[in-house]
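>>> Dropping the sequence and predicted coords here.
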Amino acid sequence: DAVALNYGASSWELEQIALAFLAAESLSSPLKFFLSPDFTSHSCDLDSLIAEIQRFAGHPNQFKVNGKVMVSSFEGGCLGQDGWQTIKDRVGAYLMPFISGLEGQFGQWEVLDTWF
C-alpha cells in the first residue's frame, strides 16, 4: 500500500512532498509514497516532470512496483503516448495514470502499465 501525493504547479506543493518523504524517513516509517501530478494545473513539460520524479525515485519511502518507480496522474493526455514512453524510459517508471476520455481505449495506450 502507498499514498498518492497529488500536486500541481505551485512551488510549495513539491516542498510539502519533500517534507512528507523526510518525515517518513526520519520516523523509519514503512509508509510509501508515489507522485501523481495533476495536469489540470501541472505543466506538461517533460524535462521538469522527469526531474521531479527523479528527485524522489531513490528515496527509501518511494513506492515501487517490481522495482519500478510508481507514477500516477490526474489527467495527462497532454503528454501523449510518446511523453509517457519518455517517462518510462528515462525514469524506469511503472505508469498508472488517470486520463479522462480514454475509458475503453486502454489497449491503444500500450505504454501504460495500468490505469484507474
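Happy to help now that I have it. Numbers count the residues shown, from 1 in each chain.
>>> Tell me where the chain has strands.
For the chain, the strands defined by DSSP state E occupy 3-7, 33-37, 64-65, 68-74, 93-98.
>>> what is the mean pLDDT for the longest one?
Spelled out, it's strand 68-74. For strand 68-74, mean pLDDT is 97.
>>> where's Ser11 relative to Val3, distance?
21 Å (C-beta to C-beta, to the nearest Å). C-beta: built from backbone N, CA, C; applies to glycine.
>>> the more surrounded of those two?
Val3 (14 against 6; other C-beta atoms under 10 Å).
>>> how close does the more buried one get to Ile99?
From Val3 to Ile99 the distance is 21 Å (C-beta to C-beta).
>>> cool, Trp109 as well?
Applying C-beta to C-beta, the value for Trp109 to Ile99 is 8 Å.
>>> overlap in contacts of these two?
Residues touching both Trp109 and Ile99 (C-beta atoms under 8 Å, 6 or more residues apart in numbering): Trp115.
>>> quick one: which of the two has more around it?
When Trp109 and Ile99 are compared for neighbours, Ile99 comes out ahead with 20 against 16, by other C-beta under 10 Å.
>>> For the nearest residue to the more buried one once chain neighbours are set aside, which residues are in contact?
Nearest residue to Ile99 in three dimensions, chain neighbours excluded: Gly77, at 4.7 Å (C-beta to C-beta, 6 or more residues apart in numbering). Gly77 is in contact with 39, 99-102, counting by C-beta under 8 Å, 6+ apart.
>>> pLDDT value on the residue of the chain most remote from its centre, please?
In the chain, Leu27 marks the outermost C-alpha relative to the chain mean, sitting 23.4 Å out by C-alpha atoms, centre = their mean. Looking at Leu27, its pLDDT is 97.
>>> now swap in the one 10 residues further on and tell me
pLDDT for Pro37: 98.
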